[in-house]
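Asker: My questions concern the predicted model and sequence given below.
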Amino acid sequence: MKIEKVEIKRLHLPLKEAFEASIGQQTKRDFLLVSVHSEGEVGYGESVAMPTPFYNEETTETVLYMLETFLIPILLNNPIESPEDVARLFAPIRRNQMAKAALEGAVWDLYAKQKGISLAHALGGTRKEIEVGVSVGIEKSVEEVVHKVEGFVADGYKKIKVKIKPGFDIALIEGLRKRFGDSLPLMADANSAYSLDQLDLIKELDNYNLIMIEQPLAHDDIVDHARLQHQMKTPICLDESIHTYEDARRAIELGSCKIINIKVGRVGGLTESKKLHDLCLAHDVPVWCGGMFESGVGRAHNIAITSLANFTIPGDTATSSRYWEQDIVTPGVEFAKPGILAVPVGPGIGYEINWDVVKSLQVMEKSYEQTNVSI
Ligand SMILES: O=C(O)CCC(=O)C1=CC=C[C@@H](O)[C@@H]1C(=O)O
Ligand SMILES: [Mg+2]
């Protein structure tokens, strides 16, 4: 397959309401929609980097820079047989996982469309439906979060993830358990807001039957997490600490976690996500698909990867209407049954782009064709 052209559109997509976590507040997505063209077919991918480097080191601007300067020229100048070749071509470039994933995801979609199969099928997925969880931000009071969760439970979401930070943690979890009882599938995500100095406080969370605690300690740590996991019965789940298959291998070996959140962008794409999935399966470590407030394009990629067998925990693959007044795909990503999304069976991502919506959100557009630049 020869990639003839790559297009990038930068879009500003406002969230229905602000979302707060310990790392700051989000009010809109500022992201890149990437299209790759070959032999009349077009594949789509999405950059999930945030505009600010508070979740990880990448931003919308760094992704744009890496795409233009290195990744797109490499792709345009090297014919590929399959999407796995893209990961191999990008391997000499260190990190910049979200930039790599945006382009690699578009090639996976293109590849599946050329073969006339769904992206899920191309990835080796077997599920026809996936269970869906929802991520709930920090609010001004425990009551406000409880109220939000009431709505999501009524919608049928299969897992509730609440954001915690020091000062908004134990009372919140206690309030939720009081209101919904012990059977509510509940977890907490700290986005690295704690250190081992707060060990006693973190250990208190063991009393609330949480499915897991996501990334309680530093974003670049696996050693302290291992210390913590050895002293807690609640499974620790790693998010920010895992960027590659090798990171996961080391974390599993150390006992730093019992669950891994696979975010396709954070680990550099679908090929690496698949490898990570297989590694975790071999070690009896369940995985789930985390979200980055994706538009329908990124959401469709997340649904496809979640169709693999070891994605046994509902992911943050909420519906389009959870975050957007109008998504950029049509139809929007919505439940087939409460809490359940159908895995699309049409070619590629299985959703069409709504170009009128894209046009209304677009703040920049660029196109790249074969050059003589060699990297
Ligand atoms: O996309 C979703 O629904 C989940 C969003 C979400 O919880 C997160 C996205 C990005 C950074 C964090 O705030 C958080 C996470 O860490 O998982
Ligand atoms: Mg997280």
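Answerer: Received it, and whenever you're ready, just let me know what you need. Ligands and ions are numbered 1, 2, ... in the order given.

Asker: residues contacting the residue of the stretch 101-250 of the chain found nearest ligand 2?
Answerer: Of all residues in the stretch 101-250 of the chain, Asp239 sits closest to ligand 2, with a separation of 3.6 Å (Cβ to the ion). The way it works is simple: take the backbone N, C-alpha and C, and place the C-beta from them, glycine included. Residues in contact with Asp239, defined by Cβ atoms under 8 Å, 6 or more residues apart in numbering, are Asp189, Asn191, Glu214, Gln215, Asn261, Lys263, Arg266, Gly290.

Asker: Can you name the two of the residues you listed that sit furthest apart?
Answerer: The largest distance within the contacts of Asp239, taken as Cβ to Cβ, falls between Asp189 and Arg266 and amounts to 13.8 Å.

Asker: Asp189 bridge partners, please.
Answerer: Under the criterion DSSP bridges, Asp189 forms beta bridges with Lys163, Glu214.

Asker: In terms of pLDDT, where does it sit?
Answerer: We have a pLDDT of 98 for Asp189.

Asker: Count the residues that sit near it.
Answerer: 25 (other Cβ atoms under 10 Å).

Asker: Any idea which residue of this structure lies closest to ligand 1?
Answerer: Taking Cβ to the nearest ligand atom as the measure, the chain has Gly291 as its residue closest to ligand 1, at 2.3 Å.

Asker: Which residues are in contact with that residue?
Answerer: If you count contacts by Cβ under 8 Å, 6+ apart, Gly291 has them with Ser135, Lys263, Arg299, Asn302, Gly315, Asp316, Thr317, Ala318.

Asker: Can you list which of the residues you listed are found in strands?
Answerer: With strands taken from DSSP state E, the overlap with these comprises Ser135.

Asker: Redo the contacts of Gly291 as CSV? Include distance to ligand 1, neighbour count and pLDDT.
Answerer: Output for those, formatted as CSV (distance: Cβ to the nearest ligand atom, whole Å; neighbours: other Cβ atoms under 10 Å; pLDDT from 0 to 100):
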residue, distance to ligand 1, neighbour count, pLDDT
Ser135, 3, 24, 98
Lys263, 7, 28, 98
Arg299, 8, 30, 98
Asn302, 8, 29, 98
Gly315, 9, 28, 98
Asp316, 4, 23, 98
Thr317, 7, 26, 97
Ala318, 5, 22, 98
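
Asker: farthest pair in the contacts of Gly291?
Answerer: Lys263 and Ala318 (14.2 Å).

Asker: so is Val34 in a helix, a strand, or just coil?
Answerer: In the three-state summary, Val34 is assigned as strand, counting by DSSP: H, G, I helix; E, B strand; the rest coil.

Asker: Which members of the contacts of Gly291 are positioned in helices?
Answerer: Assigned to helices by DSSP state H, the following of these qualify: Arg299, Asn302.

Asker: Let me see the contact set for Val6.
Answerer: Contacts for Val6 (Cβ under 8 Å, 6+ apart) come out as Val34, Ser35, Val36, His37, Leu67, Ile72, Leu75, Leu76, Leu103, Ala106, Ser367, Tyr368.

Asker: pLDDT at the fifth one, what is it?
Answerer: This means Leu67. At Leu67, the predicted lDDT confidence score is 98.

Asker: quick check, it in a strand?
Answerer: No: Leu67 is assigned helix when assessed by three-state DSSP, not a strand.

Asker: Just give the number of residues close to the closest residue to it other than its chain neighbours.
Answerer: Excluding its sequence neighbours, the residue lying closest to Leu67 (Cβ to Cβ, 6 or more residues apart in numbering) is Ala99, at 5.6 Å. Around Ala99 there are 29 other residues, counting by other Cβ under 10 Å.

Asker: Ala99 contacts Glu46, correct?
Answerer: No: counting by Cβ atoms under 8 Å, no contact exists between Ala99 and Glu46, whose distance comes to 11.8 Å.

Asker: Specify the local secondary structure of the residue nearest to Glu57 when sequence neighbours are not counted.
Answerer: Using Cβ to Cβ, 6+ apart and skipping the chain neighbours, the partner closest in space to Glu57 is Arg95 (7.6 Å). Taking three-state DSSP as the rule, one finds Arg95 in the coil state.

Asker: roughly how far apart are Arg95 and ligand 2?
Answerer: For Arg95, the distance to ligand 2 under the criterion Cβ to the ion, to the nearest Å works out to 19 Å.

Asker: How about the residues of the chain by ligand 1?
Answerer: Ala21, Tyr55, Ser135, Asp189, Asn191, Asp239, Gly290, Gly291, Met292, Phe293, Asp316, Ala318 (Cβ under 6 Å from any ligand atom).

Asker: partners of the first one in the sheet?
Answerer: I take that to be Ala21. When bridges are taken as DSSP bridges, the partners of Ala21 come out as Gly24.

Asker: rewinding a little: among the contacts of Asp239, filter down to the buried ones and hand me the ChimeraX syntax, if you would.
Answerer: Typed into ChimeraX, the next command selects the buried ones out of these (criterion: 16 or more other Cβ atoms under 10 Å):
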select :189,191,214,215,261,263,266,290
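
Asker: Please, which helix or strand holds the closest residue to Gly137 other than its chain neighbours?
Answerer: Nearest residue to Gly137 in three dimensions, chain neighbours excluded: Phe19, at 4.2 Å (Cβ to Cβ, 6+ apart). When secondary structure is defined using DSSP states H and E, the element that contains Phe19 is strand 5-21.

Asker: For that strand, what is the distance to the chain centroid?
Answerer: The gap between the average C-alpha position of strand 5-21 and the chain average comes to 14 Å, counting by Cα atoms, centre = their mean, to the nearest Å.

Asker: low-scoring pLDDT stretches of the chain, where are they?
Answerer: Segments of the chain classed as low confidence (criterion: pLDDT under 70) are 371-375.

Asker: Show me where it has its helices.
Answerer: Counting by DSSP H, one finds helices in the chain at the ranges 60-66, 72-77, 83-90, 97-115, 119-123, 142-155, 170-180, 199-204, 223-231, 245-254, 270-282, 296-306, 320-323, 355-361.
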